[in-house]
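Trainee: got a predicted model here, sequence first, then my questions.
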Amino acid sequence: MTMISTQSTNASSALSSTKVSLLSSKRNITKMINVQNDYDRYFPRNSNKNERKKKKKNDLMIRMSGTGKFIVGGNWKCNGTRDSVKELVAALNSNVSKVETENCEIYVCPSFLHLNYVKENIDDRFNVCAQNSWVEASLVDPEHHYDSTTGAFTGEISVEMLEDLGIPWVLLGHSERRTLLGDTDAIVGKKVAHARYHGLNVVVCVGESLDERENGTTFDVIYKQLKAVAKEIDDREHSSWGSSVVIAYEPIWAIGTGKVATPDQVQEVHSKIRKWLKENVSAEVAKATRIQYGGSVNAGNCAELAKLSDIDGFLVGGASLNGEDFSAICNASSIHYKAIGR
């Protein structure tokens, strides 16, 4: 990104030069991580108002963005009793009429114990998603199917069980699974391949810790996580990434902490994830893959985040346990479409 020095001896000349550079170079504009926040830095306040609006719109349209339908997921984590889940399903059903579902695909992730109840009782405009599935980590399978031949794996839930139950989605690689329960990048990659082989749609989570962000290795970490998944999805599957594999960026330091990554930080990561997909999978996959943001998203901050071109939805934690709040977050889809001109 071109920067304007406040120490320049000729401020008006520097502003003019920067403006010309931005308008003449798509490459520089593409690197802008938040047009709204940086707006006044690039255009003098005494410039023509209509011209400024026109250039702002062009900036948004030029930046790489996804082409998929906005998608919002609610991760209920290890929460819920029979009574509270019944109440939450009723609240979601009563609020779904407020959601512009033609603009937004929605899924919810109850605990394994409550999957069948939610599937049978929630409005059919909601998809039901499992929070994890199991794969035998030691298996070597050049065909990337990873089907096990026995059932002696106490306490685990297989993709085949989810398939039999009619659960269409599964959430894999969540940071809590990675940090607390030992899911390595390689295991997550195998889980994704196994789930896709059995026809489930996958939400795969990536993200860095606070230490990794502060020491400048955010993208090394995320690219390694993405590589482990891409390695296991064979060429026949790449064409289905856009509709069947969703990436959820969740900075670990912002999950359940009340801290939210700034719009600049989120847009930078999402755009670089999309660039990585373009360079390492295909341009088609990069455009079609939906990239969600998850990190203390709530009804109060979702509108501002939804304006970013590379945010294709949200993965919501605590706020998904409130029917009204979750509906408001889903309706951020209309803000997103308006902001990017779709």
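Mentor: Thanks, I have it.
Trainee: all helices for the stretch 201-342 of the chain, in order.
Mentor: For the stretch 201-342 of the chain, the helices defined by DSSP state H, counting those that start in this stretch cover 210-214, 218-232, 235-238, 241-244, 263-280, 283-288, 302-306, 323-330, 332-340.
Trainee: what mean pLDDT does the first one get?
Mentor: This points to helix 210-214. Average pLDDT, helix 210-214: 92.
Trainee: tell me the pLDDT at Val20?
Mentor: 37.
Trainee: same question but for Val140, I mixed them up
Mentor: 87.
Trainee: pretty sure it sits in a strand.
Mentor: No. Applying DSSP: H, G, I helix; E, B strand; the rest coil, one finds Val140 to be coil, outside a strand.
Trainee: that one: neighbouring residues, count only.
Mentor: When neighbours are defined as other C-beta atoms under 10 Å, Val140 has 6 of them. (Each C-beta comes from the backbone N, C-alpha and C, glycine too.)
Trainee: what's it sitting at in phi/psi?
Mentor: When quoted as degrees, to the nearest 10, the phi and psi of Val140 stand at phi -120, psi 120.
Trainee: swap in Lys190?
Mentor: The phi/psi pair for Lys190 (degrees, to the nearest 10) reads phi -70, psi -40.
Trainee: and the residue most central in space within the chain, what does it touch?
Mentor: Geometric centre of the chain, nearest residue: Gln292, 1.5 Å, by C-alpha atoms, centre = their mean. Neighbour list for Gln292: 71-73, 203, 246-249, 311-315 [criterion: C-beta atoms under 8 Å, 6 or more residues apart in numbering].
Trainee: elements contacting the strand or helix carrying Val89?
Mentor: For Val89, the host element (DSSP states H and E) is helix 82-95. Identification of packing neighbours for helix 82-95 by 3 or more C-beta pairs under 8 Å, 6 or more residues apart in numbering; DSSP states H and E yields helix 115-121, helix 323-330.
Trainee: would you mind giving these as a markdown table with mean pLDDT, mean neighbour count and distance to Tyr107 added?
Mentor: Output for the helices and strands packed on helix 82-95, formatted as a markdown table (pLDDT from 0 to 100; neighbours: other C-beta atoms under 10 Å; distance: least, C-beta to C-beta, whole Å):
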| stretch | mean pLDDT | mean neighbour count | distance to Tyr107 |
| --- | --- | --- | --- |
| helix 115-121 | 98 | 17 | 11 |
| helix 323-330 | 96 | 23 | 11 |
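Trainee: make JSON lines out of those helices and add distance to His270.
Mentor: Below are the helices and strands packed on helix 82-95 laid out as JSON lines (distance: least, C-beta to C-beta, whole Å):
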{"stretch": "helix 115-121", "distance to His270": "29"}
{"stretch": "helix 323-330", "distance to His270": "17"}
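Trainee: among those, which comes closest to Gly189?
Mentor: When these are compared by C-beta to C-beta, helix 115-121 sits nearest Gly189, at 24.0 Å.
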